[in-house]
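A.B. asks: model the following, please.
(one chain, ligands or ions: 1)
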Amino acid sequence: MEYFNSELETLSRSKLRKLQNERLQWQVKRVYERVAFYKNLFDENGIDPKEIKGLDDLHKLPFTKKVALRDNYPFALFASSMEDVVRLHCSSGTTGKPIVVGYTKNDIDVFSEVVARSLVAAGCRRGMKLQNAYGYGLFTGGLGLHYGAEKLGMTVIPISGGGTEKQLLLLQDFQSEAICCTPSYALTIAEAAQRESILDKINLRYAILGAEPWTESIRAEVENKLKVKATNIYGLSEIIGPGVSQEDVDEPGTGSYIWEDHFFPEIVDKDSGEPLPEGKEGVLVFTTLTKEAMPLLRYWTNDITSIYYDKSAKRTHVKMGSIIGRSDDMLIIRGVNLFHTQVGAALENFIEFSSNYQLVVTHEHTMDDVEVRVEISDVLYSALGKENQDALSHEKIMQAHQRLQRKLKDNIGLTMKLIVSVPGTIPRSEGGKLNRILDLRKAGVVPV
Ligand code: ADP
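C.D. replies: Residues are numbered from 1 along each chain as shown. Down below sits the predicted model:
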């Protein structure tokens, strides 16, 4: 079984486009008739919904931005009657006030379908046990993965995020073959399993990781420690939740399939909003083609990535690269744009350091500054203090420090203070998303 839905996942590009065009026309008509916000948007911009005949006309529509969701809080963007809304979720509120999203029964079916497709792409199969360590509750991750895994026929262990000791216990006792959680929490679990010396007692094969940006060095560390294949799952509450896109376990490093029969992606310039060609990095914008309760047209996700057609891939759907960051999370330091993932990416191939990192932002003498904190890898650290090894390891660390500092300067164009500390000193995820930026500017705190 290579696909959950082979027909739709491998539909020819021309048939897929036809389906998307039909669905878009249906959606545009629907939101115009049912959502005051969209009716006004069309009318104010002099756009007749009938003008939107297909995806080629999409660019005529203005973007829908997050502010529209806040202005219409809680339910004014809903296109279904409340009687048909069977579930509400909220975004986790990483940035600002939470926003509310709603689902009809059909939306939940679509959500489950795209998650089931994603799980199959990640290597999961019917009958495998999935330890679902995404948070259950208002966050879309827990229930989203739960319903999708059930639809596939997996045995779901709804443990939710956190409670690392319990996670380890169930990994051993239930012999879960797959786990889903944030990549930072997968690292927490891997480190704990290593500390407790139980790595050879667990049976994990696949890790489905998402909900926050991550890097190849985090992937390598999770895969090496837990002996799994780790793939990326991406999504956002506004569009449906996790399962908007997913990497295939057999196509590593080639991006994540966007299930574009449901979510049509565009990449646009972050300043001008102009559509960008295949392969160019910009803001990811989605139009929900089938969503009933809360459809969105040209939703500006703020996530920065690129999309491309992988001609040699198993599926016909477009792929997206990893998320470099959210445009509203971008730091501007002495005129240079900086995403924390650029620092994480620089750590790749540094066996001297772990994949954990943190950026501390300060403001001193009218200037913003960033300090990068990394950790010595546990292998190297355990060699420290041992006879004959000590001097050698210190020398290695000093050299790696210089090399990383140079790499950061070359890759990003900024000279940043680099602090190397012992393993375990950088904050870890306790179950959910990890904030890798400690911003001391507003607090007026001077770092120690
Ligand atoms: P919030 O905006 O409050 O974090 P969500 O829980 O809906 O709300 O999170 C969605 C966001 O999480 C996405 O817009 C994106 O920034 C981030 N995200 C989700 N999955 C991934 C992923 N696989 N890689 C990078 N970022 C991701």
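A.B. asks: end to end on stretch 338-354, go ahead and measure it.
C.D. replies: Length of stretch 338-354, first residue to last, C-alpha to C-alpha, to the nearest Å: 21 Å.
A.B. asks: what separates that stretch from the chain centre, distance-wise?
C.D. replies: 18 Å (C-alpha atoms, centre = their mean, to the nearest Å).
A.B. asks: mean confidence for that stretch?
C.D. replies: For stretch 338-354, mean pLDDT rounds to 95.
A.B. asks: cool, and stretch 138-147?
C.D. replies: In the prediction, stretch 138-147 has an average pLDDT of 97.
A.B. asks: with just CA atoms, put that stretch into CSV.
C.D. replies: Below are the C-alpha coordinates for stretch 138-147, written out as CSV (Å, rounded to 0.1, in the frame of the first residue of the first chain):
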residue,chain,number,x,y,z
LEU,A,138,-8.2,23.3,21.1
PHE,A,139,-5.0,22.7,19.2
THR,A,140,-5.7,20.9,15.9
GLY,A,141,-2.8,18.5,16.1
GLY,A,142,-4.1,15.9,18.6
LEU,A,143,-7.6,15.3,17.3
GLY,A,144,-6.5,15.9,13.7
LEU,A,145,-3.9,13.1,13.8
HIS,A,146,-6.3,11.0,15.9
TYR,A,147,-9.1,10.9,13.4
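A.B. asks: contacting residues around that stretch?
C.D. replies: 87-92, 98, 101, 108, 111-112, 115, 119, 130, 132, 134-136, 156, 158, 160-161, 180, 208, 211, 235, 237, 240-243, 432 (C-beta atoms under 8 Å, 6 or more residues apart in numbering). C-beta: built from backbone N, CA, C; applies to glycine.
A.B. asks: the ligand next: which of these are close?
C.D. replies: Near the ligand, taking C-beta under 6 Å from any ligand atom as the test, the members of the contacts of stretch 138-147 found are 91-92, 211, 235, 237.
A.B. asks: tell me the helices and strands packed up against the lengthiest strand in the chain.
C.D. replies: Using DSSP state E, we find that the single longest strand of the chain is strand 353-364. The contact analysis (3 or more C-beta pairs under 8 Å, 6 or more residues apart in numbering; DSSP states H and E) places strand 353-364 against helix 216-226, strand 331-333, helix 340-346, strand 367-376, strand 437-439.
A.B. asks: quick check: angle from that strand to strand 367-376?
C.D. replies: Angle of strand 353-364 versus strand 367-376, following axes from the mean of the first three to the mean of the last three C-alpha atoms, to 10 degrees, is 160 degrees.
A.B. asks: what angle do helix 216-226 and strand 353-364 make with each other?
C.D. replies: Strand 353-364 and helix 216-226 are oriented at 140 degrees to each other (the same axes, to 10 degrees).
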